[in-house]
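Asker: Sharing a model prediction with you, sequence too.
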Amino acid sequence: MTRRITQLLIGLAMYGISLAMFIRAGLGLDPWDVFHQGLAGKLGWSIGTVVVVVSFLVLLLWIPLRQMPGFGTLANAVLVGVFADLGLALIPAFSHLGGQIAMLGGAVLLNGIASACYIGARLGPGARDGLMTGLARRTGWSVRLSRTLIEVVVLGSGWLLGGSVGVGTVVYALAIGPLVQLLLPVFVVPEKSVREMAGTFDNRGSVEAEPAKP
């Protein structure tokens with residue numbers, strides 16, 4: 001259990017830092033963070049605060065979907081936003097293209113490692129992941145279709161709010177799935193070990209075939 005919690009917390013910290021790196025690269029964000037950034041600009045809040053508030057609002061949508069959060073779900077809802085703001089306070093913006101490209105590449109790589117860490121810990125999906133899988137289960141749609149519909153809605157909304165859409169948005173969409181799939185076997189806690197540590201294991205902590213945003 002110690003390994004799982006440690007891995008979860010490190011993964012969420014890295015995820016928040018990777019979000020800050022995407023923003024500092026200035027080349028576009030993933031769909032949910034386009035929405036977060038656009039909303040932050042309209043409300044005058046920090047993006048970390050918006051990430052936390054939106055996470056808990058999304059968790060309210062779990063109620064009609066009959067989803068139950070795990071420890072990792074609640075930790076995700078709080079820590080990603082906290083570390084995003086911390087990263088923004090520490091990481092400078094880049095004004096030249098070479099630095100922006102390097103920052104974007106580092107952000108994608110760190111995000112992939114972070115995703116594999118927190119998903120592999122098997123302590124509950126993120127609020128946005130759970131919305132996707134819960135919608136798929138309740139409607140009979142595929143996870144891919146549910147994810148696509150949700151992300152199209154949040155991307156369009158975020159763009160209208162003034163969020164940053166660009167080449168980074170496309171790079172993230174193309175790279176994150178294969179990257180997490182490659183890294184996940186390194187970080188996933190075997191189901192047998194989970195049962196030995198926790199006694200029982202339910203599907204809230206299972207690894208999804210198509211990992212998505214926290």
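Answerer: Arrived safely, thanks for sending.

Asker: since we're on the nearest residue to residue 58 once chain neighbours are set aside, how many residues are nearby?
Answerer: When the adjacent residues along the chain are set aside, residue 58 lies closest to residue 127, with 4.2 Å between them (CB to CB, 6 or more residues apart in numbering). C-betas here are computed from N, CA, C, even on glycine. Residue 127 is surrounded by 27 other residues when neighbours are defined as other CB atoms under 10 Å.

Asker: how would you label the closest residue to residue 115 other than its chain neighbours: helix, strand or coil?
Answerer: Leaving out its chain neighbours, the residue that sits closest to residue 115 by CB to CB, 6+ apart is residue 180, at 4.7 Å. For residue 180, the secondary-structure state derived from DSSP: H, G, I helix; E, B strand; the rest coil is helix.

Asker: what does residue 27 give?
Answerer: On the basis of three-state DSSP, residue 27 is classed as coil.

Asker: go on, residue 94?
Answerer: At residue 94, secondary structure determined by three-state DSSP is coil.

Asker: Quickly note the distance from it to residue 107.
Answerer: With distances taken as CB to CB, to the nearest Å, residue 94 is found 12 Å from residue 107.

Asker: okay, and the common contacts of the two?
Answerer: Overlap between the contact sets of residue 94 and residue 107, as judged by CB atoms under 8 Å, 6 or more residues apart in numbering, is given by residue 25.

Asker: Neighbour count for those two, which is higher?
Answerer: Residue environment comparison for residue 94 versus residue 107 gives the larger neighbour count to residue 107, 27 against 17, counting by other CB under 10 Å.

Asker: ok, how many other residues are close to the closest residue to residue 166 other than its chain neighbours?
Answerer: Leaving aside its sequence neighbours, residue 166 sits nearest to residue 28 (CB to CB, 6+ apart; 2.8 Å). Residue 28 sits with 19 neighbouring residues when counted by other CB under 10 Å.
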